[in-house]
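>>> sequence unknown, structure follows:
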């Protein structure tokens, strides 16, 4: 009985191997006689299948795949359509120090990716996911990150000047020493974000919500916080020259050694802030409410329409 069953299994396996061999030979023969244009279509189909498989999380894109693709584009190439070529799953991919400027990476998953020192300037990464990604020293000048997700991302010393991060979700992110000059955070939601030593010259936070952020030793010259909400945050040694706080709500913050000069604070609402050593000069203060500055220095200001509390 055992020998008969064993022989039957061997026969079945043998026939299966024969069928597979015939299929493979037929495939290679078919490929050898195909016209060039049909072979191109076949390769395109294979690429599409691979891309779909990657999007489903089946493959991790290798650094070698990306570098080979870049090399094939040649030095005159002005844009890289990485999303079309590889799909949307770049999770855990090592892209460190690669030149990827002007890339299309809309909606891609870059969670846990290594983008340290990479150049992604002028790239479109609308809706991309940078959760737990590392972008230390990366260049993203004039990049588009609208509606992007940044969670536990490391972006120390990154260059994001002129970048658009409109309506982005930014949570537990470090921007220490980053160049964010001219960056647009309008409508973004930021929580537990560290801007220590960051360059925020001309940055826009219009309509943004900033909670539990740290802005320390930062340059906010020309920054705009129109209709923004800043709550439970640490603001220390910050230069707010020519900054705009129209209708901004500043609640429950610790503000120390901040310098507001030639700034526009009209309609700003201060509530329950702990403040110390604040200097305000040549600024617009019409209809400001709730200022409570200990040891404040208010220089040549018209405070006729200001509701101020406990100025010492």
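Sure, I can see it. Note that the structure is predicted; figures quoted are calculated from it, not measured.
>>> Tell me the span between the first and last residue of stretch 228-247.
One end of stretch 228-247 to the other measures 7 Å (CA to CA, to the nearest Å).
>>> just stretch 208-218 next, same as before
One end of stretch 208-218 sits 18 Å from the other (CA to CA).
>>> which residues sit against that stretch?
Contacts to stretch 208-218, defined as CB atoms under 8 Å, 6 or more residues apart in numbering, come from residues 185-200, 225, 228-239. In short, each C-beta sits where N, CA and C put it, glycine included.
>>> Buried ones among those residues?
Using 16 or more other CB atoms under 10 Å as the burial test, these include 185-188, 190-196, 198-200, 225, 228-231, 233-236, 238-239 as buried.
>>> can you tell me which of the residues you listed are in strands?
Counted as lying in strands by DSSP state E, out of the buried ones among the contacts of stretch 208-218, are 190-191, 229-231, 234-236, 239.
>>> Would you point out the most distant pair within these?
Spatially, the most separated pair among these is 191 and 239, at 24.0 Å (CB to CB).
>>> one step back: adding distance to residue 285, write the ones in strands among the buried ones among the contacts of stretch 208-218 out as a markdown table.
Shown next, in a markdown table, are these (distance: CB to CB, whole Å):
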| residue | distance to residue 285 |
| --- | --- |
| 190 | 26 |
| 191 | 29 |
| 229 | 20 |
| 230 | 17 |
| 231 | 21 |
| 234 | 23 |
| 235 | 18 |
| 236 | 22 |
| 239 | 18 |
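>>> for the chain, where's the lowest mean pLDDT among helices and strands?
Using mean pLDDT, DSSP states H and E, the weakest-scoring helix or strand in the chain turns out to be helix 36-55, at a mean of 44.
>>> Beyond that one, next helix or strand please.
Using DSSP states H and E, the helix or strand that follows helix 36-55 in sequence is helix 63-73.
>>> Would you mind giving me the confidence score for the closest residue to residue 246 other than its chain neighbours?
In this structure, residue 246 finds its nearest non-sequential neighbour in residue 226, 4.9 Å apart by CB to CB, 6 or more residues apart in numbering. Residue 226 carries a pLDDT value of 97.
>>> you'd agree residue 226 is up against residue 207?
Yes: proximity of residue 226 to residue 207 meets the contact threshold set by CB atoms under 8 Å, at 7.2 Å.
>>> what sits against residue 119?
Residue 119 neighbours (CB under 8 Å, 6+ apart): 98-101, 138-139.
>>> Could I get the full set of helices for the stretch 1-150 of the chain?
Under the criterion DSSP state H, counting those that start in this stretch, the stretch 1-150 of the chain carries helices at the ranges 2-33, 36-55, 63-73, 82-86.
>>> For those, which has the smallest mean pLDDT value?
helix 36-55 (a mean of 44).
>>> correct me, but residue 79 touches residue 105?
No: with contact defined as CB under 8 Å, residue 79 does not reach residue 105; the gap is 11.0 Å.
>>> between those two, which one's more packed in?
residue 105 (25 against 13; other CB atoms under 10 Å).
>>> Could you check the pLDDT of that one?
On the pLDDT scale, residue 105 gets 92.
>>> excluding its backbone neighbours, what's nearest it?
Among residues not flanking residue 105 along the chain, residue 125 sits closest, at 4.7 Å (CB to CB, 6+ apart).
>>> Pull the contacting residues for the one you found.
Residue 125 makes contact with 105-106, 108, 110, 143-145, 148, according to CB under 8 Å, 6+ apart.
>>> One more: residue 156?
The contact partners of residue 156, by CB under 8 Å, 6+ apart, come to 136-137, 174-178.
>>> Restricted to helices, list the residues you listed.
Of the contacts of residue 156, none are assigned to helices by DSSP state H.
>>> Tell me the one of the residues you listed nearest residue 158?
Nearest to residue 158 among the contacts of residue 156: residue 178, at 4.8 Å, using CB to CB.
>>> didn't the closest one look like it was pressed against residue 157?
Yes: if you go by CB under 8 Å, residue 178 and residue 157 touch, sitting 6.2 Å apart.
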